[in-house]
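S.K.: Compute the structure for the input listed below.
(one chain, ligands or ions: 1)
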Amino acid sequence: EDTRKGGFPHYMLKEIYEQPQSFYETLRAGVDERVRNLVMEADEITLVACGTSYHTALVFKYLAESLCGIPVRVEMGSEFKYFTPPLHGLVIAVSQSGETADTIAALKMAKARNCPTLAITNMQGSTVTRIADETMLMRAGPEIGVAATKSYTAQLAALMQIVNLRCEGAFDDALSHAHLAIGDVLLQDVHEAVTLCSKAKHVFFVGRGPFYAVALEGALKMKEISYVHAEGYAAGELKHGPFALLTPETPVVAICTPGPTYGVMVSNIKEMKARRAPIIAIGVAGDTELPEIVDIFIPIPDTHLLVQVLTASVVLQLLAYHTACALERDVDKPRNLAKSVTVE
Ligand code: G6P
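M.R.: Sure thing, here's the model as predicted:
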């Protein structure tokens, strides 16, 4: 088993480190003609997914709507079957394993309504590939750790290619360099943030736009493997309730990078500081304002938004992983969880 972990203490860390390659390979695999046609013809896209895959779908929604103007709806597999929305246009099932019962049920509903369907999965020949009209295969390779890591970024590689296609290749350059930036953040020191999180009972993760989806995923990773209660929130929503929970014992991880929401994120962070919550901020290298107002600043490379989504996510994986290790959790096999959930 130790040799299969390739010298890493856990599969999860090995898989975190495999991400530059799995992202690159998934990108390199490209989009075949039939998938391309489906994607180009869609005037509306609905994604169905569960767990971490639901979060990649949500990232896609923010990117596709804001960058290419395609209306996108994201549904949880478990809700979709019983509360099916009116459907129009392409339905994409996103599933690492291709075997998640709730996602399969949702995909079948979409088929029954005669929608064109696409499966994005890591598993060739899996159930979703047999149901969907077309398949886009991620090239993450086998993922052993129960917590999804490299399959998450490989899903983003597939979904970002769809965004890029619909934007006439506008992000070719950004995407082709993404694996290098992912490689850079693997070396990021997160130990100060780990010390804070491993002592906490509750941690909030906040961001806006695609970083809201990244925050949800960061919180899920933290819960899954460290058992520290974590909540992902849209940064602007924290004042509508969770502010009541902020104390010096509840760290807030805030993702705040340059762009239209930078200013409002900075004011959100100041509001949280005023409630005495310690702030761990993920921002871009070279930012001089943010490090001044937060407790811990974790830099990611100053890149295109699409790449920031990836690098910020990887930092949050490292934070969850090292927090779980500090608390001596069973990182690869967290209690009560399964790699793939084949019951509804
Ligand atoms: C389980 C796993 C999660 C995963 C989810 C959806 O809950 O523990 O890591 O995100 O299933 O799995 P899928 O294979 O459909 O992406």
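
S.K.: what does the worst-scoring helix or strand of the chain on mean pLDDT contact?
M.R.: Across the helices and strands of the chain, mean pLDDT, DSSP states H and E gives its lowest value to helix 77-80, namely a mean of 93. Contacting residues not belonging to helix 77-80 are listed as 48-50, 54, 93, 100-106, 109, 344 [CB atoms under 8 Å, 6 or more residues apart in numbering]. Just so you know, the C-beta spots here come from the backbone N, C-alpha and C atoms, and that holds for glycine as well.

S.K.: Mind telling me which residue of the stretch 101-250 of the chain is nearest the ligand?
M.R.: Ala148 (4.0 Å; CB to the nearest ligand atom).

S.K.: For that residue, which non-adjacent residue is closest in space?
M.R.: Thr52 (4.0 Å; CB to CB, 6 or more residues apart in numbering).

S.K.: In which helix or strand does the one you found reside?
M.R.: Here Thr52 sits within helix 51-68, counting by DSSP states H and E.

S.K.: Show me which residues of this protein sit near the ligand.
M.R.: Residues of the chain lying close to the ligand (CB under 6 Å from any ligand atom) are 50-53, 95-97, 100, 103, 146-148, 337, 339-341.

S.K.: Looking at this structure, what residue ends up closest to the ligand?
M.R.: Residue of the chain nearest the ligand, by CB to the nearest ligand atom: Gly51 (2.8 Å).

S.K.: can you give me the strands for the stretch 1-150 of the chain?
M.R.: For the stretch 1-150 of the chain, the strands defined by DSSP state E, counting those that start in this stretch occupy 45-49, 72-76, 90-95, 117-121, 134-137.

S.K.: Kindly reformat those strands as TSV containing mean pLDDT and distance to Ile279.
M.R.: Output for these, formatted as TSV (pLDDT from 0 to 100; distance: least, CB to CB, whole Å):
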stretch	mean pLDDT	distance to Ile279
strand 45-49	98	30
strand 72-76	97	28
strand 90-95	98	32
strand 117-121	98	35
strand 134-137	98	38
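
S.K.: Flag every buried residue along the longest helix along the chain.
M.R.: Longest helix of the chain, by residue count under DSSP state H: helix 305-326. Buried residues in helix 305-326, counted by 16 or more other CB atoms under 10 Å: 305-325.

S.K.: cool, and stretch 76-95?
M.R.: Under the neighbour-count criterion of 16+ other CB under 10 Å, stretch 76-95 has 76-78, 80-81, 87, 89-95 buried.

S.K.: Now find how far off-centre it is within its chain.
M.R.: Chain-centre distance of stretch 76-95: 19 Å, with CA atoms, centre = their mean, to the nearest Å.

S.K.: same thing with stretch 243-261?
M.R.: The mean C-alpha position of stretch 243-261 is separated from the chain mean by 18 Å, CA atoms, centre = their mean.

S.K.: Extract the C-alpha set from that stretch and format it as CSV.
M.R.: C-alpha atoms of stretch 243-261 as CSV (Å, rounded to 0.1, in the frame of the first residue of the first chain):
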residue,chain,number,x,y,z
PHE,A,243,-22.7,37.3,12.3
ALA,A,244,-24.4,36.2,15.5
LEU,A,245,-21.9,33.3,15.7
LEU,A,246,-18.7,35.3,15.1
THR,A,247,-16.3,35.3,18.0
PRO,A,248,-12.5,35.3,18.4
GLU,A,249,-12.9,31.5,18.3
THR,A,250,-14.6,31.3,14.8
PRO,A,251,-12.0,31.8,12.1
VAL,A,252,-13.3,33.0,8.7
VAL,A,253,-11.5,31.9,5.5
ALA,A,254,-12.2,34.7,2.9
ILE,A,255,-11.3,34.5,-0.7
CYS,A,256,-10.7,38.0,-2.0
THR,A,257,-9.0,38.6,-5.3
PRO,A,258,-8.9,41.6,-7.6
GLY,A,259,-12.0,42.3,-9.7
PRO,A,260,-15.4,43.8,-9.4
THR,A,261,-16.1,42.4,-5.9
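
S.K.: how about it: buried residues?
M.R.: In stretch 243-261, counting by 16+ other CB under 10 Å, buried: 246, 250-257, 261.

S.K.: go on, stretch 165-177?
M.R.: 165-167, 171, 174-175.

S.K.: can I get the CA coordinates of the least confident helix or strand of the chain in PDB?
M.R.: Only the C-alpha atoms of helix 77-80 are listed here, as PDB (Å, rounded to 0.1, in the frame of the first residue of the first chain):
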ATOM      1  CA  GLY A  77     -29.400  15.100  -8.000                       C
ATOM      2  CA  SER A  78     -31.300  14.300  -4.800                       C
ATOM      3  CA  GLU A  79     -33.800  17.200  -5.200                       C
ATOM      4  CA  PHE A  80     -34.200  17.000  -9.000                       C
END
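
S.K.: which residues of the stretch 51-200 of the chain fall in helices?
M.R.: 51-68, 77-80, 101-112, 127-131, 150-166, 172-185, 191-199 (DSSP state H, counting those that start in this stretch).

S.K.: Can you tell me which of the buried residues of stretch 76-95 is closest to Pro291?
M.R.: Val94 (35.6 Å; CB to CB).

S.K.: where's that closest one relative to Ala181, distance?
M.R.: Relative to Ala181, Val94 is positioned 23 Å away (CB to CB, to the nearest Å).

S.K.: Equivalent analysis for Gly69, please.
M.R.: 26 Å.

S.K.: Compare these two and say which is more crowded by neighbours.
M.R.: Ala181 (21 against 9; other CB atoms under 10 Å).
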